[in-house]
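**Q** after the sequence you'll find the predicted model.
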Amino acid sequence: MQFTIHAQDPRSKARAGILETAHGPIETPIFMPVGTQGTVKALHWSELKDPVRAQIVLGNTYHLYLRPGLEVLQRAGGLHGFTGWDRPFLTDSGGYQVYSLGDRRKLTEEGAVFASHIDGSKHLFTPENVMDTQRIIGADIVMAFDECTPYPCEYGYAQKSMERTHRWLARCWKRFHETACPYGHEQMLFPIVQGSVYPDLRRASAEYVASFDAPGNAIGGLSVGEPHEDMYAMTDQVTDILPADRPRYLMGVGTPLNILEGISLGIDMFDCVLPTRNARHGVLYTAEGIVQIKNSCWKDDFSPIDAQSLAATSRLHSKAYLRHLFVSQEFLALQIASIHNLSFFLWLAREARAHLLAGDFSDWKAEMVGKLGRRLSATPPST
RNA sequence: GGGGGUGCUCCGGAGAUGGCGAGCCGGGCCAGACUGUAAAUCUGGUGCUUUUAGCUGAGUAGGUUCGAAUCCUACCACCCCCA
């Protein structure tokens, strides 16, 4: 068994565990920074270790296949060799690009033909070749090729899409188990539950996915614009069906609040571009609430970016300075803000785990929920 | 000291040759959005008010005219040329 559960919250479905991978253990609940093109934007890998303390990073099959391409990746020894990151990777399959590049691709039973966002060239992604590609990338966890449906999504389409995703899953599973990682380490394939916001589809999908007895299972197709209540309701329903002794991964989620709710609903793994993208756009997450650092109210606020942050840069530098860096469009702004947000997201996950192990998760969560969504503003200087 | 030119929005540019101007483009500034990254991106606002509209404004002060950013006079500022 590669996944061990060490604590279970008595008042929710939250649990703490450890997932063993070929490149080391992952303590759950965990947040996984997104590094689509073989880099977490604006950060160096050394910063992902300290101060961020990332345990696993995402890559993307679609982007890495297009650039640098499979020949380079294979000669480099996979994504680990290419980047120098010696901890676990997870690669998304390109299923999200089926959604996000909706006007640049054509779907058939065979697979998806993408018109490259780089040069417009056509590329066919099938369940089989996506498995082959992810073997060459060499991530510790690879995702099944699915269609992430948009929101809103009519029932009829959601059902047809889900059924096709299921057929694709069977093809992925077969191909994956007929092949091996060229670098000799073990890889795990996670299937993905779809079904949009329809309870009967989600149930059917979760039951089908569970039948594979995969080492871990993912929930996709959420956080695409649906109300939070729908996202939570679908997650709640699906985690009741997915095996309890395997890690559950809620794809693309989310805000700090979403993550705490997801943990309560039995989710172990999260990923999201929000902490990095919003960092680059001047939005900082802290334990006290959200800071729009570009706002003029921080112009002469010389207090630390976040005195409680584990990132030395967030304790050393002032809000006024970081605002200046943003206003001046300096690269350092993106770096400091990205380090800050990822440090916070990873801190949040570790803290959740610590409280699960201590047995007071639900109380801690209730306290955090009251603070995380607040929007902070500078106190006007007294005259 | 003499001659010529130019002055309107926070800045720059375009345009405006007596009547469709509170008015174009870019920047700046002020906000907002972002959830398995086509994203250091995108959207909106940026004279005042009681906002389906009204008011005020064109370097300053006057004048001509039914009507002036536009024509005339004086002054001011800046630029160019001559001394």
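**A** That came through, no problem.
**Q** so which bits of the stretch 101-250 of chain A are right by RNA strand B?
**A** A:101, A:103-104, A:117, A:143-144, A:146, A:148, A:192, A:218, A:220-221, A:223-225, A:228 (Cβ under 7 Å from any atom of the strand). In short, each C-beta sits where N, CA and C put it, glycine included.
**Q** list just the nearest of those residues to A:Lys13.
**A** Comparing those against A:Lys13 with Cβ to Cβ picks out A:Ala218 as the nearest, at 16.5 Å.
**Q** that older thread, can you flag which of the residues of the stretch 101-250 of chain A next to RNA strand B belong to helices?
**A** When DSSP state H is applied, those are split such that A:His228 fall in helices.
**Q** show the buried residues in the residues of the stretch 101-250 of chain A next to RNA strand B.
**A** Neighbour counting with 16 or more other Cβ atoms under 10 Å marks A:101, A:143-144, A:146, A:148, A:192, A:218, A:220-221, A:223-224 as buried within those.
**Q** wondering if the lengthiest helix in chain A reaches RNA strand B at all.
**A** For chain A, the helix reaching the highest residue count under DSSP H is reported as helix A:331-358. Yes - where contact is defined by Cβ under 7 Å from any atom of the strand, part of helix A:331-358 touches RNA strand B, namely A:331, A:334.
**Q** before we move on, the earlier item: among the buried ones among the residues of the stretch 101-250 of chain A next to RNA strand B, which pair sits farthest apart?
**A** A:Leu101 and A:Ala218 (19.9 Å).
**Q** is the residue most central in space within chain A in a bridge, and if so with what?
**A** In chain A, the C-alpha nearest the mean C-alpha coordinate belongs to A:Asp271, at 1.2 Å (Cα atoms, centre = their mean). With DSSP bridges applied, the residues forming beta bridges to A:Asp271 are A:Met32.
**Q** surely it and A:Met32 touch.
**A** Yes - in this structure, A:Asp271 sits in contact with A:Met32. The criterion is Cβ atoms under 8 Å, and the distance is 4.2 Å.
**Q** ok, A:Phe270 - contacts?
**A** Applying Cβ atoms under 8 Å, 6 or more residues apart in numbering, one finds that A:Phe270 lies in contact with A:29-32, A:249-250, A:253-254, A:258-259, A:262, A:349.
**Q** ok, now with 7 Å
**A** A:31-32, A:250, A:253-254, A:259, A:262 (Cβ atoms under 7 Å, 6 or more residues apart in numbering).
**Q** RNA strand B: which of these is nearest?
**A** RNA strand B has its nearest neighbour among these in A:Gly254, at 2.5 Å by Cβ to the nearest atom of the strand.
**Q** confirm that closest one sits in a strand?
**A** No - counting by DSSP: H, G, I helix; E, B strand; the rest coil, one finds A:Gly254 to be coil, located in no strand.
**Q** correct me if wrong: it contacts A:Ser223.
**A** Yes - with contacts counted by Cβ atoms under 7 Å, A:Gly254 reaches A:Ser223, the gap being 5.3 Å.
**Q** before we move on, which element is A:Arg323 in?
**A** With elements taken from DSSP states H and E, the one containing A:Arg323 is helix A:319-327.
**Q** which parts of that helix are buried?
**A** Of the residues in helix A:319-327, those scored as buried under the neighbour-count criterion (16+ other Cβ under 10 Å) are A:319-326.
**Q** who does A:Arg15 bridge with?
**A** When bridges are called by DSSP bridges, A:Arg15 pairs up with A:Gln8.
**Q** what is the burial count for it?
**A** By other Cβ atoms under 10 Å, the residues close to A:Arg15 number 22.
**Q** how about residues contacting the helix holding A:Arg323?
**A** Contacts of helix A:319-327 (Cβ under 7 Å, 6+ apart): A:282, A:293-294, A:298-303, A:305, A:332-333, A:336-337.
**Q** wondering if it reaches RNA strand B at all.
**A** Yes - for helix A:319-327, a contact with RNA strand B is found by Cβ under 7 Å from any atom of the strand, at A:Val327.
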